[in-house]
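1. coordinates only, no sequence provided:
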């Protein structure tokens with residue numbers, strides 16, 4: 001499908017895929033695995049189905065200071081909302097093409113609002129333009 005798109009459409013599709021798969025979705029940090037995870041059970045120490053252990057807060061395979069810390073679902077969600085907001089704004093800025101960034105956000109407007117990233121929508125693609 002990408003081969004039938006013009007350069008702008010390809011850039012938007014590629015960026016949109018990156019946002020949904022790499023920024024909005026949490027993954028096992030082991031490159032050999034890379035499974036998405038959505039369940040959280042109070043302890044930040046996670047063992048993936050692949051057998052690897054990592055921290056679900058910093059999502060790193062290296063040791064961190066979190067250990068077997070317990071946080072509520074609300075704290076976990078807020079932590080990752082903040083992480084996603086920073087990563088998404090940084091990524092959109094690094095695209096270097098404002099029109100591509102706006103198109104990505106426009107295409108993901110409802111999804112971004114659902115995951116409480118309305119501030120990103122308002123920054124990049126406010127209703128009525130800028």
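-> Looks like it came in fine. What you see is a predicted model, and the numbers here were worked out from it, not measured in a lab.

2. residue 27 contacts residue 34, doesn't it?
-> Yes: look at residue 27 against residue 34 with CB atoms under 8 Å: they come within range, at 5.2 Å. For every residue, glycine as well, the C-beta is placed using N, CA and C.

3. and these two? Which one has more around it.
-> Just comparing residue 27 and residue 34: by other CB atoms under 10 Å the higher neighbour count belongs to residue 27, 16 against 13.

4. for that one, phi and psi?
-> Here is the backbone geometry of residue 27 (degrees, to the nearest 10): phi -130, psi 150.

5. ok, it - contacts?
-> 34-37, 59 (CB atoms under 8 Å, 6 or more residues apart in numbering).

6. among the residues you listed, name the buried ones.
-> Neighbour-count burial (16 or more other CB atoms under 10 Å) applied to these gives residue 59.
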